[in-house]
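*Asks:* Here is a sequence with its predicted model. Questions after.
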Amino acid sequence: MSEEKSDLIDVQINGEWHSFPKGTRMIEACRQAGVEVPHYCYHPKLTSPGNCRMCLVEMGMPPRPRPGEDPPEPDENGHLPISWIPRPAIACANTIAPNMGINTESAMTEECRKGVMELLLANHPLDCPICDQAGECSLQEFSVEHGKGESRFREQKVKKPKNVDVGPRIRLDDERCIMCSRCIRFTDEIADDPVLGFTDRGSHTVLTVYPGHELANNYSLNTVDICPVGALTSNDFRFQMRVWFMKETKTIDVNCATGANVTVYSREDKIYRITPRQNNDVNSDWMPDSHRLNFHWIESDARLTDPLICDGENHRLATWQEALATSADKLAGLEGGEIAVIASARMTNEELLMTNRLIKHLGAGHVDTVTRMGEADGYLISADRNPNTNGVKLILGLDDPGSQIESIKEGIEQGRIKAVIALQENLVEDADFSAELLGKLDFLLTSYPLANPTADVAHVVLPSAGWAEKSGTMINVTGRLQRLNKVIDGPGLTLEAWEIVRDLIQATGGGNGIYSVTDIFTQLTQEVSEFEGLTWGQIGDLGIPLIETGETIPLLEREKERVARGLIVG
Amino acid sequence: MAIVVKRPKLKWWEQLYIPGIISGMRVTLGHFFKIVSGRKKVTMQYPEEKWDESLPEHYRGAPALVKDEQDRERCVACQLCEFICPPRAITIKPEEIPSDDKWAKVEKRPKAFDIDMIRCIYCGLCEEVCPEQAIYLRKDYAITGTSRAEMVHDKKKLYEIGGVRVGLVNKWNELK
């Protein structure tokens, strides 16, 4: 305790004294004290070149006595008087010192900000009406707060390249660029693909891609997020929707086991874009492009919207009651050993708990999930492309998910298995079941968001919600329990998978009083020991560590090391 | 605090109300005889007669999109009017201007611009908020249609009503 105490330094911010750990940057100290210091180039996850000059503040230290002069007297709290330095200092790259004074409200600080804003705006084009960044643009925000409100610059603005293709997913507008260099540092320090740089000098400086290269790495869209202005914009989101119309929903990415925290932007039940959300235990501030852009299928024409029943050759539309009654009929005459349930590691913990109930209720003899292994990319993408494999292990009790698939295939081949319930999985394309093999079954039930070859041969097809249309919890690769939140309503008659399984249990004669995901979560805390004592609210937006898996996320490890070296704030 | 309204104290002859009725009838009958004898005309024979001539300069009729002298559509689909519109009458779908277009440097234009004239309340906020001087309330007031769909003005119709407006700020026309 005493050691920690000695590491704290007293700093005066706008007249009030605060204590911060040694080595804290001035800008971070201000942020922690609730004082915003405007900035463009500073980003806590990147090095601080201090080139935008927006974070200039007035700074002071205790006066140094001349030889023979008495040192200043500390007041009753041990603080010395501050003699203010006539030259402003940048808050982003300087660390605090004992008895330092920072003044962000002084006339000098205001003058500095006004001056920097005026210079930044001198050449900035007035194309806010067509700029995608408008509404979330730091330049707009700070010019309202700190700008002069008018321009003294009467000359012709400098013309620079506009609408430049810098990569497959990114467009560059050099006139809008304010030379903060965040994108350059990101591609160099985080993405290890240093293709961006400044060329030319003075007001003719432009951001360019190295000749013959393009900004094409799988993390390139993060540069769009960190660009404080609209210089870098995403081709996918370009001109799609103004940011002030969209509703932000905090949820998680389901494309791999990392479970990157994301914010999904939607308007009137349509998703427009996904951006990473800061979580220093999962994805830092970043996410891969491949995962970010994998949401357009949600509004695809191939979405299943109604339950379907196979009448001999063709499928016909049915009501939920009819589809469930047909399923119950077909399952009624079967022994447990003749039924296989293939669940999915893309399901939430709540859906898996309901699936476990169904398995026990039917006495199903064969249970497994489909694995999706790929290559880890050494940054954020985990080798396991299923988001909730840890949940499958905990809740379905499968020690080695995917190991039973072959024996289920054999069982179908030999006629031992007569019915398969495939929940949220496309067996033909993702688990190498052939359509002929599935044709041998007496009964195949599948629930899936999209039309697929498995549904073509299924006897009952149930339309289910996609990841953005349901809520629940998932356990990521490091064993962290995180919440998946519903963003939009599903199309047509789709139901969330837990509702489908609940209705199946009820249709086959089981009973339960479950009406919401939080109900199931409460039961999860009673039935699975790892979840004991947890509440839905406790998980929060950032999740909580649940189990030890020994896995780490490479990008986070590198960032921790850079924090330890003092390169970044973190 | 409630305001106490002072009631006037009426004289006894005022309380009879007869003098009041008589003076009121004098005004009414005056108008009646003026109109019957054809000395005064108050009804305009709409639609044969129209008041278009006497509409004031600030009259707020149907909102419409305008083009400039160079036949450029001024709207860049910033969607601020859609945002400000109190009855949510405006729906805009933006698109990128193809690179071979004469005005490709403007980059963005509306692909679809619909104003639902059943919803429009002629408040003029769209005109006030427009950063491109592209939408104006014109003097058209007789907006009719035989179906709801017909009452939705699409982009073509809006330019038809709006026409060309000259002498506006032309920031996009400068050297780029």
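*Replies:* Great, that's in hand.
*Asks:* Only C-alpha atoms from now on, for both contacts and neighbour counts.
*Replies:* Will do.
*Asks:* and the residue of chain B found nearest chain A, how many residues sit next to it?
*Replies:* Relative to chain A, the nearest point of chain B is B:C78 (4.9 Å; CA to the nearest CA). Residues near B:C78, counting by other CA atoms under 10 Å in any protein chain shown, number 27.
*Asks:* Skipping its backbone neighbours, what lies nearest it in space?
*Replies:* Residue nearest to B:C78 in three dimensions, not counting chain neighbours: A:P129, with 4.9 Å by CA to CA, 6 or more residues apart in numbering or on different chains.
*Asks:* next one: A:M54
*Replies:* Spatial nearest neighbour of A:M54, excluding adjacent residues (CA to CA, 6+ apart): A:H39 at 5.1 Å.
*Asks:* now do A:P65
*Replies:* Closest to A:P65 by CA to CA, 6+ apart is A:P71, at 5.4 Å.
*Asks:* The residue in the stretch 151-300 of chain A that chain B sits nearest to: what's it in contact with?
*Replies:* Residue nearest to chain B within the stretch 151-300 of chain A (CA to the nearest CA): A:F239, separated by 6.2 Å. For A:F239, the contacting residues are A:130, A:132, B:94-96, B:108, by CA atoms under 8 Å, 6 or more residues apart in numbering or on different chains.
*Asks:* related to what we said a few turns ago, check contacts around the residue of chain B closest to chain A.
*Replies:* With contact taken as CA under 8 Å, 6+ apart, B:C78 is in contact with A:129-130, A:242.
*Asks:* From these, which land in strands?
*Replies:* The strands, defined by DSSP state E, take in nothing from these.
*Asks:* want to throw those residues into a markdown table with neighbour count?
*Replies:* What follows is the contacts of B:C78, written out as a markdown table (neighbours: other CA atoms under 10 Å in any protein chain shown):
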| residue | neighbour count |
| --- | --- |
| A:P129 | 19 |
| A:I130 | 23 |
| A:R242 | 24 |
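*Asks:* Format those as a markdown table; extra columns: pLDDT and distance to A:N14.
*Replies:* Shown next, in a markdown table, are the contacts of B:C78 (pLDDT from 0 to 100; distance: CA to CA, whole Å):
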| residue | pLDDT | distance to A:N14 |
| --- | --- | --- |
| A:P129 | 93 | 37 |
| A:I130 | 93 | 39 |
| A:R242 | 95 | 37 |
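*Asks:* list the helices and strands the helix of greatest length in chain B packs on?
*Replies:* Ranked by number of residues, the top helix in chain B under DSSP state H is helix B:18-36. If contacts are counted by 3 or more CA pairs under 8 Å, 6 or more residues apart in numbering or on different chains; DSSP states H and E, helix B:18-36 sits against no helix or strand.
*Asks:* List the neighbouring strands of the very next helix or strand once past it plus their orientation.
*Replies:* Going down the chain from helix B:18-36, the next helix or strand is strand B:63-65, by DSSP states H and E. Strands that pair with strand B:63-65, judged by DSSP bridges, come out as strand B:135-137 (antiparallel).
*Asks:* what mean pLDDT does the next helix or strand along the chain from the partner strand have?
*Replies:* Sequence-wise, the next helix or strand downstream of strand B:135-137 (DSSP H and E) is strand B:152-153. If you average the pLDDT over strand B:152-153, you get 96.
*Asks:* other SSEs contacting the helix or strand following strand B:152-153?
*Replies:* Next helix or strand after strand B:152-153 toward the C-terminus (DSSP H and E): helix B:155-162. Using 3+ CA pairs under 8 Å, 6+ apart, the elements in contact with helix B:155-162 are strand B:63-65, strand B:108-116.
*Asks:* Can you tell me which of the ones you listed is packed in deepest?
*Replies:* Each of these was scored by mean neighbour count; the highest is strand B:63-65, a mean of 25, by mean count of other CA atoms under 10 Å in any protein chain shown.
*Asks:* List the contacts of that strand.
*Replies:* Residues outside strand B:63-65 that contact it (CA under 8 Å, 6+ apart): B:74-75, B:122, B:124, B:127, B:134-138, B:155, B:158-159, B:161-163.
*Asks:* Can you flag the buried ones in those residues?
*Replies:* Buried residues within those, defined by neighbour count using 16 or more other CA atoms under 10 Å in any protein chain shown: B:74-75, B:122, B:124, B:127, B:134-138, B:155, B:158-159, B:161-162.
*Asks:* So of those, which two are at opposite extremes in space?
*Replies:* The most widely separated members of the buried ones among the contacts of strand B:63-65, counting by CA to CA, are B:R74 and B:Y122 (20.7 Å).
*Asks:* Just give the nearest non-adjacent residue to residue 96, would you?
*Replies:* Using chain A here. Of all residues not flanking A:I96 in the chain, A:M26 sits nearest, at 5.4 Å (CA to CA, 6+ apart).
*Asks:* sorry, should have said chain B
*Replies:* In this structure, B:E96 finds its nearest non-sequential neighbour in B:K108, 4.7 Å apart by CA to CA, 6+ apart.
*Asks:* Can you give me the pLDDT of that neighbour?
*Replies:* Per-residue confidence for B:K108 comes out at a pLDDT of 94.
*Asks:* looking at it, it is touching B:S99, isn't it?
*Replies:* No: using CA atoms under 8 Å, B:K108 makes no contact with B:S99, being 10.8 Å away.
*Asks:* what sits up against stretch A:488-508?
*Replies:* Outside stretch A:488-508, the residues that touch it by CA under 8 Å, 6+ apart are A:266, A:269-271, A:303-307, A:324-325, A:327-328, A:331-332, A:347, A:350-352, A:354-355, A:357-358, A:361, A:423-424, A:447, A:449, A:462-466, A:468-470, A:511-512, A:514, A:517.
*Asks:* buried stuff in it?
*Replies:* Residues A:488-491, A:494-508 are the ones in stretch A:488-508 that count as buried (16+ other CA under 10 Å).
*Asks:* out of those, which are inside helices?
*Replies:* Using DSSP H, the buried residues of stretch A:488-508 in helices are A:497-507.
*Asks:* Tell me the one of those residues nearest chain B?
*Replies:* Nearest to chain B among these is A:A497, at 34.1 Å by CA to the nearest CA.
*Asks:* and the gap between the residue lying closest to B:I135 once chain neighbours are set aside and B:E127?
*Replies:* Spatial nearest neighbour of B:I135, chain neighbours left out: B:L65 (4.6 Å); criterion: CA to CA, 6+ apart. Using CA to CA, to the nearest Å, B:L65 is found at 10 Å from B:E127.
*Asks:* and for those two, which residues touch both?
*Replies:* Residues within reach of B:L65 and of B:E127 at once, by CA under 8 Å, 6+ apart, are B:134-136.
*Asks:* okay, these in a markdown table with distance to A:V164 and pLDDT next?
*Replies:* A markdown table is the format used below for those (distance: CA to CA, whole Å; pLDDT from 0 to 100):
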| residue | distance to A:V164 | pLDDT |
| --- | --- | --- |
| B:A134 | 27 | 95 |
| B:I135 | 30 | 96 |
| B:Y136 | 34 | 95 |
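*Asks:* Could you double-check that A:T24 lies in contact with A:A93?
*Replies:* No: the pair A:T24 / A:A93 is not scored as a contact, 9.9 Å apart, by CA under 8 Å.
*Asks:* Mind listing the shared neighbours of those two?
*Replies:* Common neighbours of A:T24 and A:A93, using CA under 8 Å, 6+ apart, do not exist here.
*Asks:* Provide a ChimeraX selection command restricted to the buried entries of the contacts of stretch A:488-508.
*Replies:* Command for ChimeraX that selects the buried part of these, burial taken from 16+ other CA under 10 Å:
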select /A:266,271,303,304,305,306,307,324,325,327,328,331,347,350,351,352,354,355,357,358,423,424,447,449,462,463,464,465,466,468,469,470,517
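*Asks:* Wait, a helix at the residue of the stretch 151-300 of chain A closest to chain B?
*Replies:* No: assignment of A:F239 by DSSP: H, G, I helix; E, B strand; the rest coil gives coil, placing it outside any helix.
*Asks:* mind checking the backbone torsions on it?
*Replies:* When read as degrees, to the nearest 10, the backbone of A:F239 gives phi 60, psi 20.
*Asks:* What separation do you get for it and B:I115?
*Replies:* The gap separating A:F239 from B:I115 is 20 Å, by CA to CA.
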